[in-house]
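J.: structure for the following, please:
(4 chains)
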Protein chains: 4
Amino acid sequence: MNGNRFGRLFQVTTYGESHGEAMGVTVSGCPAGLELTTDDVQADLDRRKPGQSMISTSRDEPDAVTINSGIQDGYTTGTPIGMVIQNKDARSGKYEPFITAPRPSHGDFTYSAKFGTRNWGGGGRSSARETVNWVAAGAIAKKILSSVGIELKAHVNQIGDVRSDDVSFEQILEHSEENEVRCADPDAAAEMRELIDDYQEKGDSIGGSIYFEARGVPRGLGAPRFDSVESRLGQAMMSIPATTAFEFGLGREAREWAGHDRNDEWEFDENDDPRPVTNRHGGLQGGITTGEPIYGEVTLHAPTSIPKTQTTVDWETGEEKDVQVIGRHDPVLPPRGVPVVEAMLALTLVDFMLLGGRVNPDRLDDRPGAYETDYHPSRPET
Amino acid sequence: MNGNRFGRLFQVTTYGESHGEAMGVTVSGCPAGLELTTDDVQADLDRRKPGQSMISTSRDEPDAVTINSGIQDGYTTGTPIGMVIQNKDARSGKYEPFITAPRPSHGDFTYSAKFGTRNWGGGGRSSARETVNWVAAGAIAKKILSSVGIELKAHVNQIGDVRSDDVSFEQILEHSEENEVRCADPDAAAEMRELIDDYQEKGDSIGGSIYFEARGVPRGLGAPRFDSVESRLGQAMMSIPATTAFEFGLGREAREWAGHDRNDEWEFDENDDPRPVTNRHGGLQGGITTGEPIYGEVTLHAPTSIPKTQTTVDWETGEEKDVQVIGRHDPVLPPRGVPVVEAMLALTLVDFMLLGGRVNPDRLDDRPGAYETDYHPSRPET
Amino acid sequence: MNGNRFGRLFQVTTYGESHGEAMGVTVSGCPAGLELTTDDVQADLDRRKPGQSMISTSRDEPDAVTINSGIQDGYTTGTPIGMVIQNKDARSGKYEPFITAPRPSHGDFTYSAKFGTRNWGGGGRSSARETVNWVAAGAIAKKILSSVGIELKAHVNQIGDVRSDDVSFEQILEHSEENEVRCADPDAAAEMRELIDDYQEKGDSIGGSIYFEARGVPRGLGAPRFDSVESRLGQAMMSIPATTAFEFGLGREAREWAGHDRNDEWEFDENDDPRPVTNRHGGLQGGITTGEPIYGEVTLHAPTSIPKTQTTVDWETGEEKDVQVIGRHDPVLPPRGVPVVEAMLALTLVDFMLLGGRVNPDRLDDRPGAYETDYHPSRPET
Amino acid sequence: MNGNRFGRLFQVTTYGESHGEAMGVTVSGCPAGLELTTDDVQADLDRRKPGQSMISTSRDEPDAVTINSGIQDGYTTGTPIGMVIQNKDARSGKYEPFITAPRPSHGDFTYSAKFGTRNWGGGGRSSARETVNWVAAGAIAKKILSSVGIELKAHVNQIGDVRSDDVSFEQILEHSEENEVRCADPDAAAEMRELIDDYQEKGDSIGGSIYFEARGVPRGLGAPRFDSVESRLGQAMMSIPATTAFEFGLGREAREWAGHDRNDEWEFDENDDPRPVTNRHGGLQGGITTGEPIYGEVTLHAPTSIPKTQTTVDWETGEEKDVQVIGRHDPVLPPRGVPVVEAMLALTLVDFMLLGGRVNPDRLDDRPGAYETDYHPSRPET
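T.: From the prediction side, this is the model:
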């Protein structure tokens, strides 16, 4: 209810403000027997962390994760995994002008309206810094999914009006991390980069979108209605700061398609099971997986913190005033948003795998269904 | 987890299959003291019910609601409200061909893949008939919201490539129910109607979208992140059968906007409180309400049940075969989807009002905060 | 939050007031493939229903259950099961004196204090009539448990100061339903019966307790701490109207035991797995099952509705007055409470079985772990 | 579901193993505006911490808490409060003998049976060390309750067969912390102490119980049935390690009381509101508060780790063997359990206060109901 919990069986709980002591995330519901080290988590944190390139904030955060519990001798134990990421490079001073004079389209006003106060340094709890917790948790989810043959990846498919060509999942896997924009189409990536530079030079920012895809998700996953895969994905993705649209399959364009054109006919697959000939349905029918790839798009609006002059009001002085948000801010969100979208996709899918009984909730080292008690507690090397 | 529950403090639980005995919905968390009769609920059910016009299914369901509990002498008592709507006009026979030969892009296959069986008559649990429960619950939510000054309404803003002009909230209130398409722009409505008739004649169907708006929502509502208003709205709307996209504010178009153009500057309102000069943010900043109208769009793909011939496979016979879904099916979903979108919007908002302490969770007849115990149990007329 | 929901994966939602139209319960999370008819449910309802004997209320309720959804051709379909039980024999008139003059130790005052009103007929929502819903849901849970080898049973082990001899599980199974008190020790049962008659004649009532036991629960079920089996059982049993104590294993007496006497040593079982030599731990260690029987006791205080004269106050007139609750009330609760305790035990255990991955959440007809999709949708008889 | 979460609106999430890096707890749902420092939390941690006396384990843990988020300038901000307590004095070596040879009546076997592995050092996650998290969270809950006039306290009322005299709430407040046993009756305390010493000398341990009481809880709190105050208290208390019984009001003894003797008659209080003349109901009727003190008892069995020789089996070697648990273990649990029981009582009550709308969920500095937005964000000293 308080916005810091995600997941039903794979449960993530977070805390932390942008300029607070530390960010923290607790993962419960991870089965025992998953090989896991801080390196597994760190790898994704590094993809999200600030200061990676000229088009991301220059805040200097190592984002080094500490795991406080839930792991023994390199394997998870089935008990909650507590992780902490210290905040190192917080410089709150420059946020003082905004304490009582909210930045346009930021959470400054709404947080104060709700709580009567707010942690104003760096945006406090409303900062996208919170997503460091999600990426840490998502890294664990990805490892579980990978162990059961589910692969997922995202890339930036649009910045402003520059759109990536349609690319295959393989191309995304191969090329999306080759450029700073994280777009798997190199030509579009170059154009996007130019556009971003333009906006940054003007003291402005620009919006964009992220395409995501998951392969290997077994059919029959999800539940009717309020717990359909798309409902839970919708919640997951709309939680990402600056998201204004969530689409799956044909998404928004489906409104212009006729039924006969959109419907995917059935054929038999190599096992004589029904398989849709096409995948305009985005892997989901009736809210439940068909076994086809799940794909969709997430729109992130332009960053609201911009150096360009804007007008606001100061509720303490009662005066209008000009603001310029000059700090260490990203001119565009999707490039660093890619690991965040992947994390939310992974967290959503691992939860459905657990709910659908496809992953043993207690331990991974047995195949689901094989509940014979064979004791293999960890013991010290001899 | 099983798809039949929505809401955190205002809790809706549903059951029912399209051709089952009855649909049912239990609402708990409705405060005592709300004046409520079956008529209040029936009014919205009538807007959703089949057989309203030539562009909706001809299934003949009175959709008469019975309230089994939670009301005394015309007022809610604070205890769960159980409602039942009998199914009257179920004709399952015509669904027999699809028992083992799934209709394209329907839930036939996925339900069977998940459960190993399914209630195949009329689509069973996967049928949009389930939304009758949501509309019944939503009618109660609307009454509570209305009592605290929140108004909400939806209309059809696109069918195929025919798009409504931008219309004001007042126009939507006034005109959206004047035509069978439920579009507040009469010219667009006429064009949409023609388009729908065309597709229906061809034995095909067409997609569309619904615009929604809520006014009077107080500022400071919602919570950070996973419980942001847009996350919960996202889940709510993506639960609606056939939904493939959810957008709020500028929605998908935000990807093409520069920060400086999209940002809403601040001015003082008549009470010297900050108010955004414009509302490109759709009423939500940092996941929390600004007090401005909340608006957005929901895309519904074309109905999948169409008379036009399609190919499928029969997993029992192992043969390919042609199917024609000739029954009583809507050629387009948004017109009957309007009350459903309104219901999900109302359910989401009333939940946030309760979570934010803006509605007394126990009883409406006291102002929030006035918890003096004044006993006024209902008693028989003397 | 509103008191009408129990269970996490096996979810029960209820409604209904003692003198309302009907009682209703929705069960979601029941896997597909369970053979289930109204008779299965009715059998347990009949054990709970009023008018069974001279020591239960003479209210004449057939308590006939209707199943509105979730079943097809005699098997569950995996979708929510909606059940309704009509109230037939409500006579509210005799409750008028108590509308503003609360009966001693009843929920009359607290419901009015909370909601500002209440459904006063027959105790409304506070009546133990609500447990009819639990027993209906519990009957389904029992069937699932039975299919995986878990048996459970309760009997009355104390009324006033008359205590049953210790009896074996087999004795409880065999004898507990042979007398109206539902005590498996026939001598104690006779004494209890006499005691109850005495109190009833005096216009008074008396307390008692119920012993419960479950066998065949696999080891390794439950979770640490807040989701330990005993925490969830505690919540379950303390929800039963009139319950004032919950104990498992040695229960309250454990306070007087030394560690060395109470500890259960380990031996090997026939499979060379560790097994406790004794079961003073009540089947639970660290909140998780050992595989030994789970047993405990629940204390139910004396019924509060008694003909004997008591003093109360009328908050409308401002006057003290005498009340006599002359109606159709049980002089003792445990005999009819036995199926209620069994229901809550069954609901708790089936939930843990689902959470522990021991029951396939989607369908029973496959063994857990065997998730191959073999389609066997129900089809009409040919 | 995984045992590390408690609370519905006031949400506690924990992690940590006895010999892991650190214990951690996240509190969300704490309103903004509560004055809070680490000292407030530390005070209760010091009451629970090991090494306080000869009758508690000699493990040397400072249990110093760090608050990572949710506080600014000494006040809560309404966002999650993340706390960490480092483990300093872990000596796992002595637990090696038990890795595959479970200690009698400990969680050793059940954790291994469930997870296939376990963190064996110091009992890992099954250790009562986890309760350090609960006490930290409970300290925050107590501060909120105290701000609205609710006081609560526990003391040890029985060790073995030595029982405290009945003492008043005032006596408990005054005397319970004056002796190491934490019993408010000094004579009984002395006797208890002697008894504990006896058992400790024999290499054995002994059980006991804790009495708890809360005053100032407003009437009308709680919800019917599954969310009755006693159900939620039952779950809370049964979560405490080693608890085997939960009772409120007359508790287990209620089974021997006649209705007429147990019922509490009504009189008018000084405001002409109904008030029970007596409080045999323990502050709860129909699951909802009457405004009278809430009281009850919790039984904790004897510590299972004892130096006395016991028999176990080694599942790796397949041999029986003797074990002696010689370490730093408490000979009795209730003295250190007192702050734990208080914490669980406080967490349960603050949750009900939030659910009942008696505490503003967003901020404490306004009275409930006064939702005018007056902005007072924290700002730096000038």
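
J.: from now on I want contacts and neighbour counts done on CA atoms only, so please keep to that.
T.: Fine.

J.: pretty sure A:Gln42 sits against A:Ala136.
T.: Yes: with contacts defined as Cα atoms under 8 Å, A:Gln42 counts as touching A:Ala136 at a distance of 7.5 Å.

J.: so for A:Thr373, what pLDDT did the model give?
T.: The predicted local confidence for A:Thr373 comes out at a pLDDT of 43.

J.: ok, A:Val41 - how many residues close by?
T.: When counting by other Cα atoms under 10 Å in any protein chain shown, one arrives at 23 neighbours for A:Val41.

J.: for chain C, see how far away it is.
T.: Note on A:Val41: its distance to chain C, by Cα to the nearest Cα, to the nearest Å, is 25 Å.

J.: and that residue, how far is that from A:Ala136?
T.: Taking Cα to Cα, to the nearest Å as the measure, A:Val41 falls 5 Å from A:Ala136.

J.: all helices of chain A, in order?
T.: With DSSP state H applied, chain A shows helices at A:38-48, A:108-115, A:131-147, A:169-175, A:186-201, A:229-238, A:259-262, A:334-355, listed in chain order.

J.: what sits up against the fifth one?
T.: This means helix A:186-201. The set of residues external to helix A:186-201 that reach it, using Cα atoms under 8 Å, 6 or more residues apart in numbering or on different chains, is A:55, A:158-160, A:162-165, A:175, A:179, A:181-183, A:205-206, A:331-332, B:258.

J.: let's see stretch A:346-360 as PDB, backbone CA atoms only.
T.: Coordinates of the C-alpha atoms in stretch A:346-360 are reproduced here as PDB (Å, rounded to 0.1, in the frame of the first residue of the first chain):
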ATOM      1  CA  ALA A 346      11.900 -10.600 -14.800                       C
ATOM      2  CA  LEU A 347      10.200  -9.900 -11.400                       C
ATOM      3  CA  THR A 348       6.800 -10.300 -13.000                       C
ATOM      4  CA  LEU A 349       7.600 -13.500 -14.800                       C
ATOM      5  CA  VAL A 350       9.400 -15.200 -11.900                       C
ATOM      6  CA  ASP A 351       6.400 -14.500  -9.800                       C
ATOM      7  CA  PHE A 352       4.100 -16.100 -12.300                       C
ATOM      8  CA  MET A 353       6.400 -19.100 -12.600                       C
ATOM      9  CA  LEU A 354       6.200 -19.600  -8.800                       C
ATOM     10  CA  LEU A 355       2.400 -19.000  -8.800                       C
ATOM     11  CA  GLY A 356       2.000 -21.500 -11.600                       C
ATOM     12  CA  GLY A 357       4.000 -24.200  -9.800                       C
ATOM     13  CA  ARG A 358       6.700 -24.200 -12.500                       C
ATOM     14  CA  VAL A 359       9.400 -23.400 -10.100                       C
ATOM     15  CA  ASN A 360       9.700 -25.300  -6.800                       C
END
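
J.: tell me the mean pLDDT for it?
T.: With pLDDT averaged residue by residue, stretch A:346-360 scores 94.

J.: so how far is it from its chain's centroid?
T.: In terms of Cα atoms, centre = their mean, to the nearest Å, the centre of stretch A:346-360 is found 17 Å from the chain centre.

J.: okay, A:Gln42 and A:Ala136: which has more neighbours?
T.: A count of neighbours by other Cα under 10 Å puts A:Ala136 above the other of A:Gln42 and A:Ala136, at 29 against 20.

J.: got the contact list for the more buried one?
T.: For A:Ala136, the contacting residues are A:Val25, A:Val41, A:Gln42, A:Asp44, A:Leu45, taking Cα under 8 Å, 6+ apart as the criterion.

J.: how near is it to B:Leu36?
T.: On the measure of Cα to Cα, A:Ala136 and B:Leu36 end up 48 Å apart.

J.: okay, which residue is most central for chain A?
T.: Centre of chain A computed as the mean C-alpha position; nearest residue by Cα atoms, centre = their mean is A:Val340, 2.4 Å away.

J.: near chain D, which residues of the stretch 151-300 of chain A?
T.: Proximity of the stretch 151-300 of chain A to chain D, by Cα under 8 Å from any Cα of the partner chain, involves no residues.

J.: test my guess that A:Arg225 contacts B:Pro241.
T.: Yes: proximity of A:Arg225 to B:Pro241 meets the contact threshold set by Cα under 8 Å, at 7.4 Å.

J.: what is in contact with the two at once?
T.: Overlap of the contact sets of A:Arg225 and B:Pro241 (by Cα under 8 Å, 6+ apart) consists of A:Gly286.

J.: okay if I get the helices of chain A as JSON lines plus distance to B:Leu347?
T.: Below are the helices of chain A laid out as JSON lines (distance: least, Cα to Cα, whole Å):
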{"stretch": "helix A:38-48", "distance to B:Leu347": "35"}
{"stretch": "helix A:108-115", "distance to B:Leu347": "21"}
{"stretch": "helix A:131-147", "distance to B:Leu347": "28"}
{"stretch": "helix A:169-175", "distance to B:Leu347": "38"}
{"stretch": "helix A:186-201", "distance to B:Leu347": "40"}
{"stretch": "helix A:229-238", "distance to B:Leu347": "15"}
{"stretch": "helix A:259-262", "distance to B:Leu347": "30"}
{"stretch": "helix A:334-355", "distance to B:Leu347": "23"}
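
J.: and A:Leu349, what does it touch?
T.: Counting by Cα under 8 Å, 6+ apart, A:Leu349 makes contact with A:Leu145.

J.: quick one on the thing from earlier: greatest separation within the contacts of A:Ala136: which pair is it?
T.: When Cα to Cα is used, the two most widely separated members of those are A:Val25 and A:Asp44, lying 14.7 Å apart.

J.: out of the two, which sits in the busier spot?
T.: When neighbours are counted by other Cα under 10 Å, A:Val25 and A:Asp44 differ, and A:Val25 comes out ahead with 28 against 21.

J.: from what I can see that one touches A:Met83, true?
T.: Yes: checked against Cα under 8 Å, the pair A:Val25 and A:Met83 is within contact range at 5.3 Å.

J.: picking that back up, how about the residue nearest to the centre of chain A, nearest residue that isn't a chain neighbour?
T.: A:Val135 (5.8 Å; Cα to Cα, 6 or more residues apart in numbering or on different chains).

J.: next: A:Ala154.
T.: Excluding its sequence neighbours, the residue lying closest to A:Ala154 (Cα to Cα, 6+ apart) is A:Phe212, at 4.1 Å.

J.: these two touch, right, that neighbour and A:Val341?
T.: Yes: look at A:Phe212 against A:Val341 with Cα under 8 Å: they come within range, at 7.4 Å.

J.: between these two, which contacts overlap?
T.: Residues touching both A:Phe212 and A:Val341 by Cα under 8 Å, 6+ apart: A:Ala154.

J.: neighbour-wise, which of these two wins?
T.: Set A:Phe212 next to A:Val341 and count neighbours by other Cα under 10 Å: A:Val341 wins out with 27 against 23.

J.: which residues does that one contact?
T.: Taking Cα under 8 Å, 6+ apart as the definition of contact, the neighbours of A:Val341 are A:Ala154, A:Ile210, A:Phe212, A:Met237, A:Ile240.

J.: report pLDDT for A:Pro307.
T.: The per-residue pLDDT reported for A:Pro307 equals 94.

J.: now do it against A:Leu300, distance only.
T.: Relative to A:Leu300, and taking Cα to Cα, A:Pro307 is found at 19 Å.

J.: between these two, which is the more surrounded one?
T.: Legend: neighbour count by other Cα under 10 Å for A:Pro307 and A:Leu300, higher for A:Leu300 (30 against 19).

J.: neighbours around the nearest residue to that one once chain neighbours are set aside, how many?
T.: On the basis of Cα to Cα, 6+ apart, the spatially nearest residue to A:Leu300 that is not a chain neighbour turns out to be A:Thr243, at 4.4 Å. The number of residues packed around A:Thr243, counting by other Cα under 10 Å, is 27.
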